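[1] Got a predicted model here, sequence first, then my questions.
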Amino acid sequence: MSFSIRSGMQALLASRPKLDAVVIALADQPFVTAEMVSGLTDYWRKHTHLDFVASSLITQAGGEAVLMPPALLTRSMFGDLLQLDGDSGARGLFRLPRYRGVGLPVPKPCSLVDIDTPADFELAKKLYLGGITKNQSN
């Protein structure tokens, strides 16, 4: 994951060196919508002092908010994005005290389904075809 982020950042900064922010989204999240991404960018335009605006999902265990992609990250985070290593993405950066950010709740928990396994794919098919309720997808 870090290689993809670093490669994308390098290409973006080579072509647009004055870039203010990027949105990182995962290709295997089929239920992320343009409206969700627009919500991130619109929120940041009104709160430009923030370093990031991430999607937020409340976990059932403990009711804690988990920050995850899609997420908007600003120039202040570009150096750390370019230093990511291994199988880590930007999520770990959200916990660093030097960065200020917020999580925007997603419209439905299933919006952030991430397809990594055959079982995930089966769940996504059921969600797409409407054969599962919102509560079952948590």
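    Arrived safely.

[2] Could you report the neighbour count for the closest residue to Met77 other than its chain neighbours?
    Excluding the flanking residues, the one nearest Met77 by Cβ to Cβ, 6 or more residues apart in numbering is Asp51, at 5.6 Å. The C-beta positions use only the backbone N, C-alpha and C, and glycine is treated the same way. Residues lying near Asp51 (other Cβ atoms under 10 Å) number 21.

[3] And the next helix or strand past the helix or strand hosting Arg45?
    In this assignment (DSSP states H and E), Arg45 forms part of helix 34-46. Moving toward the C-terminus from helix 34-46, the next helix or strand (DSSP H and E) is strand 52-58.

[4] ok, then the element right after that next one?
    Counting by DSSP H and E, the element after strand 52-58 in chain order, helix or strand, is strand 65-74.

[5] Can you point out the buried residues in that following strand?
    Of the residues in strand 65-74, 67-74 count as buried by neighbour count, 16 or more other Cβ atoms under 10 Å.

[6] Buried residues, the helix holding Arg45. List them.
    Result for helix 34-46 [16+ other Cβ under 10 Å]: buried residues 36-37, 39-40, 44.

[7] Turn the residues you listed into a markdown table, including distance to Pro118 and pLDDT.
    Shown next, in a markdown table, are the buried residues of helix 34-46 (distance: Cβ to Cβ, whole Å; pLDDT from 0 to 100):
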| residue | distance to Pro118 | pLDDT |
| --- | --- | --- |
| Met36 | 26 | 93 |
| Val37 | 28 | 95 |
| Gly39 | 31 | 96 |
| Leu40 | 30 | 97 |
| Trp44 | 36 | 98 |
